[in-house]
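Student: just the structure for this:
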Amino acid sequence: MTAAPGTAPPFCLNGFNGSVFTGQKEDLRGWIDAAAAAGFAFYGPDFFTLGPWIEQGGDPAALARHMRDAGVGCGVIAAAGMLDGNPQALATLTRAADVADALGARFLQINMDGPDPATRQAALEQACEALAGRGLKLAIEYMPTTGLNSLAETVALARHVGTDRAGAMIDIWHHTHGPDSWDDLAAAPADAIAYIELDDALPPVGGDPFVEMMDRRTFPGEGVFDVPRFLSLIAGTGYAGMVSIEVLNAEWRGKPLPDFARHCFASSAAFWPVPSST
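Tutor: Residues are numbered from 1 along each chain as shown. The predicted model follows:
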């Protein structure tokens, strides 16, 4: 699903701020309803939440029906695995793929670690082989806190296995805190981009990057990031696909989901149409 020129893209509400990984209680249906009411085309649940929910009797087919009834698609299964050469990671990825099939998700978002590029390349090859024939695409999230921390290596990995099977997931938070320059972002080939992720950040306090990443993001346009430049350079690549909105903010956990979803949507949509980077 792509956006027509000059129009807002299909937005996906990333649910990680309500993940059990962050200490929250499972509320998948609440997130779906909030996404629908706010105007999102998609919702992106995470496997840290989905996995235990299924083990406790949750029914993905029933959740898929709830999404259809709400008029919201499943944009991605987030946190589907940390690929680092460990066979257990493939088992987790396969379980996440089963849920993606049930919910109709196109993407499985993964992270990658490992001691060197060769290890990461081999892990990605194994993952693609495990998913062969399923019609799913791996969205590779590079992060400054993992072995895979650059856009250049992520694009090279996607090219190696084929961009029909994998692509880079470009998150503005990780771009801003990682080694890549604006020129690196501008040079990203559109066909190697799975999707992009939008958020912002409060002025940093203390020195813990994990806390800043997980608890102190904010809504696009309400922090210190150069969101217009990021979006302009992405648009310049020719990319016009899904935009995931991932606001990870501790103060918003426990507040009404409809308010959170509306704020995510409105603050993001305000940046469209995106001015040309030329």
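
Student: quick check: nearest residue in space to Leu63, chain neighbours excluded?
Tutor: Leu28 (6.1 Å; CB to CB, 6 or more residues apart in numbering). Glycine gets a C-beta too; all of them are placed from N, C-alpha and C.

Student: what does Ala188 give?
Tutor: Distances taken as CB to CB, 6+ apart place Thr237 nearest to Ala188, at 5.3 Å, with adjacent residues excluded.

Student: circling back: per-residue confidence for the residue nearest to Leu63?
Tutor: Predicted confidence (pLDDT) at Leu28: the value is 98.

Student: burial check on it, number of neighbours?
Tutor: 20 (other CB atoms under 10 Å).

Student: residues in contact with it?
Tutor: Applying CB atoms under 8 Å, 6 or more residues apart in numbering to Leu28 gives the contacts 15, 45, 49-50, 53, 58, 63.

Student: skip ahead from the longest helix seen in the chain and say which helix or strand is next.
Tutor: Secondary structure of the chain per DSSP state H: the longest helix is helix 87-103. Using DSSP states H and E, the next helix or strand after helix 87-103 towards the C-terminus is strand 107-112.

Student: sheet-wise, list the partners of that following strand with their directions.
Tutor: Partner strands for strand 107-112, per DSSP bridges, with pairing direction: strand 76-77 (parallel), strand 82-83 (parallel), strand 137-141 (parallel).

Student: widest-spaced pair of the contacts of Leu28?
Tutor: Taking CB to CB as the measure, those span a maximum distance of 14.5 Å, between Gly15 and Gly58.

Student: which helix or which strand is home to Thr154?
Tutor: Element membership for Thr154 (DSSP H and E) is helix 151-161.

Student: tell me the angle that helix makes with strand 107-112.
Tutor: With axes from the mean of the first three to the mean of the last three CA atoms, to 10 degrees defining the directions, helix 151-161 sits at 120 degrees from strand 107-112.

Student: list the contacts for the closest residue in space to Ala102 that isn't next to it in sequence?
Tutor: Closest residue to Ala102 apart from its sequence neighbours, by CB to CB, 6+ apart: Pro60 at 3.7 Å. Contacts for Pro60 (CB under 8 Å, 6+ apart) come out as 50, 54, 98-99, 102-103.

Student: switch the cut-off to 7 Å
Tutor: 54, 99, 102-103 (CB atoms under 7 Å, 6 or more residues apart in numbering).

Student: please state the offset of the helix or strand in which Asp183 is found from the chain centre?
Tutor: For Asp183, the element it lies in under DSSP H and E is helix 182-186. Averaging C-alpha positions (CA atoms, centre = their mean, to the nearest Å) puts helix 182-186 20 Å from its chain's average.

Student: would you mark the buried spots in it?
Tutor: By 16 or more other CB atoms under 10 Å, the buried positions in helix 182-186 come out as 184-185.

Student: what helices and strands are in contact with that helix?
Tutor: Other elements packing on helix 182-186 under the criterion 3 or more CB pairs under 7 Å, 6 or more residues apart in numbering; DSSP states H and E are helix 151-161, helix 227-236.

Student: TSV please, covering these and showing mean pLDDT and distance to Asp113.
Tutor: Formatted as TSV, the helices and strands packed on helix 182-186 follow (pLDDT from 0 to 100; distance: least, CB to CB, whole Å):
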stretch	mean pLDDT	distance to Asp113
helix 151-161	98	12
helix 227-236	98	25
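
Student: and these: which comes nearest Pro179?
Tutor: Distance to Pro179, taken as CB to CB, is lowest for helix 151-161 among the helices and strands packed on helix 182-186, at 8.9 Å.
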